[in-house]
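>>> structure for this input, please:
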Amino acid sequence: MFNKSLTLIFILISAIISSAQDVRTLEPITEKNGSELHQVGQLGRGEAYNIAWKPDGETLAVVSNAGVWLYDADFDQIDYWPYDYDYVWELAWSPNGMRLAILTDESLTVLRSDGSMAYEISVPIKSFSWHPFDNIVIIA
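Model prediction:
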């Protein structure tokens, strides 16, 4: 058994970095130019399942089989919440950024912004969505 590493690949495309160019004018990634892409960082540990930016754009949540890692906008680790997830289907911050919902095979878990569990629903759930203006979660 080998040790899997949570790897997020940050793709640097010079046209995006050098200017606020309209994305419609960028060249698509193809086999021909794919060799120009390179990894510039690695975050966390375990097998990455999902990532989500907090609505304010200041915090990135990365969820894996080993827990949840939080990074600031410069990708410096700011927190780690140890949890044991078999697989995460969806991950989303509440509109106010105070809750993080995690949908697994077994449940929907909602964590507070400090990593503590706000609540967990252990019934079969296929999908969920936060209300755009309130901390209400709709499940299907």
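
>>> report the contact partners of residue 92.
Going by Cβ atoms under 8 Å, 6 or more residues apart in numbering, residue 92 touches 52, 100-101, 128-130. From N, CA and C alone the C-beta is placed, and that goes for glycine too.

>>> now with 6 Å?
52, 101 (Cβ atoms under 6 Å, 6 or more residues apart in numbering).

>>> state the helix or strand in which it lies.
strand 88-93 (DSSP states H and E).

>>> could you dump that strand to PDB, C-alpha only?
Extracted in PDB, the C-alpha atoms of strand 88-93 (Å, rounded to 0.1, in the frame of the first residue of the first chain):
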ATOM      1  CA  VAL A  88     -17.000  13.400  -0.100                       C
ATOM      2  CA  TRP A  89     -19.500  14.100  -2.900                       C
ATOM      3  CA  GLU A  90     -20.100  17.800  -2.300                       C
ATOM      4  CA  LEU A  91     -18.600  20.600  -0.200                       C
ATOM      5  CA  ALA A  92     -20.000  24.100   0.200                       C
ATOM      6  CA  TRP A  93     -19.800  27.100   2.500                       C
END
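
>>> each with direction, which strands does that strand pair with?
strand 99-104 (antiparallel) (DSSP bridges).

>>> and the partner strand, what's buried?
Neighbour counts over strand 99-104 (16 or more other Cβ atoms under 10 Å) mark 99-104 as buried.

>>> picking up where we left off before, and the strand holding residue 92, what's buried?
88, 90-93.

>>> and those residues as JSON lines, adding distance to residue 31?
Formatted as JSON lines, the buried residues of strand 88-93 follow (distance: Cβ to Cβ, whole Å):
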{"residue": "88", "distance to residue 31": "30"}
{"residue": "90", "distance to residue 31": "31"}
{"residue": "91", "distance to residue 31": "30"}
{"residue": "92", "distance to residue 31": "33"}
{"residue": "93", "distance to residue 31": "35"}
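
>>> and which of those is nearest to residue 59?
The closest of these to residue 59 turns out to be residue 93 (Cβ to Cβ; 8.2 Å).
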